[in-house]
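> no sequence on this one, just coordinates:
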């Protein structure tokens with residue numbers, strides 16, 4: 001019985017290695033003003049588990065565009081032990097604001113009890129200029145006559161393929177320069193801002209190249225300067241600010257002695273563009289919806305159909321199609337009894353073709369068998385919203401099978417079928433019946449304690465077994481169980497950002513905290529829901545209207561970090577509101 005008690009208490013645990021590498025890199029050290037620059041923060045380590053998002057330095061000389069995160073895992077078997085080496089990449093698209101040399105400061109990562117920092121990176125920002133020094137070709141635009149108006153002969157236009165979209169539905173914005181005059185130089189004065197959108201670059205002109213187009217009966221030389229795909233991440237009326245240029249226009253000679261003429265710098269600005277973004281319908285939204293907006297297919301495959309001695313098997317799930325591929329979250333993998341499913345490595349590839357964003361996103365899940373036998377992976381479901389039909393569609397994969405042999409034995413759990421006592425029906429035989437005496441087993445304190453401990457061990461094993469079974473089968477129970485730990489952690493992070501004066505990260509942490517808490521408390525996929533969707537779900541669960549309003553106001557205030565120039569409320573007051581919501585929701 002004592003052996004059984006020891007086996008119950010010897011539960012598995014994980015020792016995290018202390019080794020961790022944290023570095024920053026950019027895709028180029030010299031960038032043209034207004035062009036995108038990719039800043040990648042890489043984290044690498046052995047058995048490091050989940051890594052928090054790094055803390056960015058102040059970037060006053062840059063506009064921050066889209067962000068993306070990828071993760072991969074390299075698994076090796078050494079001496080029968082599974083070793084995981086994990087890689088995380090946090091990629092930020094930033095746009096320089098001013099010419100000259102500037103520095104991207106040191107980025108910080110707090111992991112465990114250690115703080116890691118990257119080396120600063122120096123960037124040289126240069127201006128883009130039109131091709132010059134070539135003789136004008138036949139039919140080139142003429143120089144502007146002195147006193148000639150520029151109005152209809154030179155303009156910068158921003159065009160979009162649609163202005164009314166659903167949240168997550170892409171739009172394509174093109175900036176083009178139209179001219180009927182001869183130009184000497186073109187400089188970017190101000191890049192447009194895409195607040196509220198995920199930005200996917202399509203084309204950034206490195207040189208000015210003109211093509212002839214006829215517009216309203218007039219012939220223009222047209223050069224496309226920039227083309228981007230925008231995916232709205234919030235709802236309502238969103239604003240795309242203008243692109244601004246300083247264009248040097250060649251003037252005709254004023255007299256006989258003015259051989260070369262002069263130039264006149266003309267400021268140009270595109271119009272403000274407004275996009276009306278509708279929320280995705282809450283009615284009919286499947287549980288398998290992971291944020292996909294467009295048209296997609298899903299396929300799954302295994303790299304092998306057999307595993308020996310706990311060797312990992314890689315499950316590859318590929319989502320392909322047209323739409324917001326980069327914003328699709330990982331699909332839910334059905335529970336496989338006797339198999340451990342690790343976090344996936346993520347790969348993605350997109351391209352602009354035929355007027356839309358096409359490509360794929362691939363998730364590679366390592367599967368580690370825990371028991372022998374044949375294991376069946378049920379169909380993996382993917383739901384997406386199709387803007388053309390304005391409804392949800394669900395697709396799935398085929399069932400997959402693999403066989404595991406010689407896996408490590410599972411942790412022994414005490415059986416609950418009762419106690420079996422062996423040997424009590426034997427008595428020592430005496431040769432003389434008359435000398436036999438009544439023999440009784442003494443019932444001392446230690447024997448009674450041992451009996452009580454054995455009963456307690458059986459009860460613990462039953463409760464633990466039910467707890468583990470409920471964790472695997474009841475997602476809501478598992479989310480509630482982990483909620484308190486995550487809330488405490490994020491509250492500490494928010495308080496730390498408040499002390500450091502980092503308001504953007506403070507508000508971002510509060511937003512993640514409340515969305516995660518509400519999602520875990522009521523088993524909601526808040527990451528794919530708007531504030532209005534969350535409000536409807538809470539009302540359906542009879543949550544007090546006052547609490548719903550406070551939550552909505554809090555999330556709105558936190559989302560103001562995406563809007564430069566907005567005034568924040570007192571952070572300490574927001575923190576008090578968060579604590580009140582945590583107590584009453």
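Here it is on my side, so go on. Quantities reported herein were computed from a predicted structural model and do not represent experimental measurements.
> run through the bridge partners of residue 62.
Going by DSSP bridges, residue 62 is paired in beta bridges with residue 96.
> isn't it up against residue 94?
Yes: at 4.2 Å, residue 62 counts as touching residue 94 under the criterion of Cβ atoms under 8 Å. Placement of C-beta: from N, CA and C, glycine included.
> spell out which residues are contacts of both of those two.
residue 37 (Cβ atoms under 8 Å, 6 or more residues apart in numbering).
> tally of neighbours for the nearest residue to residue 276 once chain neighbours are set aside?
Using Cβ to Cβ, 6 or more residues apart in numbering and skipping the chain neighbours, the partner closest in space to residue 276 is residue 164 (4.9 Å). Number of residues near residue 164 (other Cβ atoms under 10 Å) recorded here: 10.
> I'd say residue 164 and residue 278 touch.
Yes: counting by Cβ under 8 Å, residue 164 does reach residue 278; the two are 7.2 Å apart.
> any idea what residue 238 is bridged to?
residue 275.
> equivalent analysis for residue 346, please.
Under the criterion used (DSSP bridges), residue 346 bridges to residue 363.
> pretty sure it contacts residue 362?
Yes: with contact defined as Cβ under 8 Å, residue 346 reaches residue 362; the gap is 7.2 Å.
> after the lowest-mean-pLDDT helix or strand in the chain, which helix or strand is next? Please name it.
The helix or strand of the chain with the poorest confidence is helix 2-9; it has a mean of 32 (mean pLDDT, DSSP states H and E). Next along the chain after helix 2-9, taking DSSP states H and E as the criterion, comes strand 20-26.
> can you name the element that comes right after that following strand?
strand 30-32.
> run the chain-centre distance for that next one.
Counting by Cα atoms, centre = their mean, to the nearest Å, strand 30-32 is centred 27 Å from the centre of its parent chain.
> now do stretch 293-312
22 Å.
> what are the buried residues along that stretch?
293, 294, 295, 296, 298, 300, 302, 307, 310, 311, 312 (16 or more other Cβ atoms under 10 Å).
> which SSE is the closest residue to the fifth one other than its chain neighbours in?
In this structure, residue 298 finds its nearest non-sequential neighbour in residue 382, 4.3 Å apart by Cβ to Cβ, 6+ apart. Assigning secondary structure by DSSP H and E places residue 382 in strand 381-386.
> following element in sequence after that strand, please.
strand 391-396.
> what lines up beside the helix or strand just after that following strand in the sheet?
For strand 391-396, the following helix or strand on the C-terminal side (DSSP H and E) is strand 400-405. Sheet pairing of strand 400-405 (DSSP bridges) gives strand 306-308 (parallel), strand 373-377 (antiparallel).
> now whichever helix or strand comes after strand 400-405, how far from the centre of its chain.
With elements assigned by DSSP H and E, the helix or strand that comes after strand 400-405 is helix 445-473. Distance, stretch centre to chain centre, for helix 445-473: 41 Å (Cα atoms, centre = their mean).
> with stretch 314-321 instead?
17 Å.
> contacts for it next, please.
Applying Cβ under 8 Å, 6+ apart, the set of residues contacting stretch 314-321 is 292, 294-304, 325, 328, 330-331, 333, 341, 344, 358-367, 377, 380, 382, 384, 397, 400.
> same thing but 7 Å
294-303, 328, 331, 360-367, 380, 382 (Cβ atoms under 7 Å, 6 or more residues apart in numbering).
> quick one: residue 554 is in a helix?
Yes: under DSSP: H, G, I helix; E, B strand; the rest coil, residue 554 sits within a helix.
> can I assume it is in contact with residue 577?
Yes: using Cβ atoms under 7 Å, residue 554 is in contact with residue 577, at 5.6 Å.
> can you give me the strands in the stretch 151-300 of the chain?
Using DSSP state E, counting those that start in this stretch, the strands found in the stretch 151-300 of the chain span residues 154-160, 164-166, 171-179, 183-190, 197-204, 211-215, 218-232, 236-240, 244-251, 262-269, 273-278, 289-302.
> any stretches of this protein with poor pLDDT?
For the chain, residues meeting the criterion pLDDT under 70 lie at 1-19, 65-67, 74-83, 128-151, 252-261, 408-444, 467-483, 526-529, 559-569.
> please parse it into its domains.
Domain ranges of the chain: 19-127, 128-133+140-278, 287-415, 475-584, per automatic domain parsing.
> distance to residue 463 for those - can I get that in TSV?
Compiled in TSV, the domains of the chain are given as follows (distance: least, Cβ to Cβ, whole Å):
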stretch	distance to residue 463
domain 19-127	27
domain 128-133+140-278	43
domain 287-415	11
domain 475-584	14
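> quick one: which of those is nearest residue 458?
Judged by Cβ to Cβ, the one of those that comes nearest to residue 458 is domain 287-415, at 5.7 Å.
> can you give me how far that closest one is from the chain middle?
17 Å.
> OK, contacts around residue 486?
Per Cβ under 7 Å, 6+ apart, neighbours of residue 486: residue 516.
> where does residue 581 sit: helix, strand or coil?
helix.
> now for it, how many residues are close by?
Residues near residue 581, counting by other Cβ under 10 Å, number 18.
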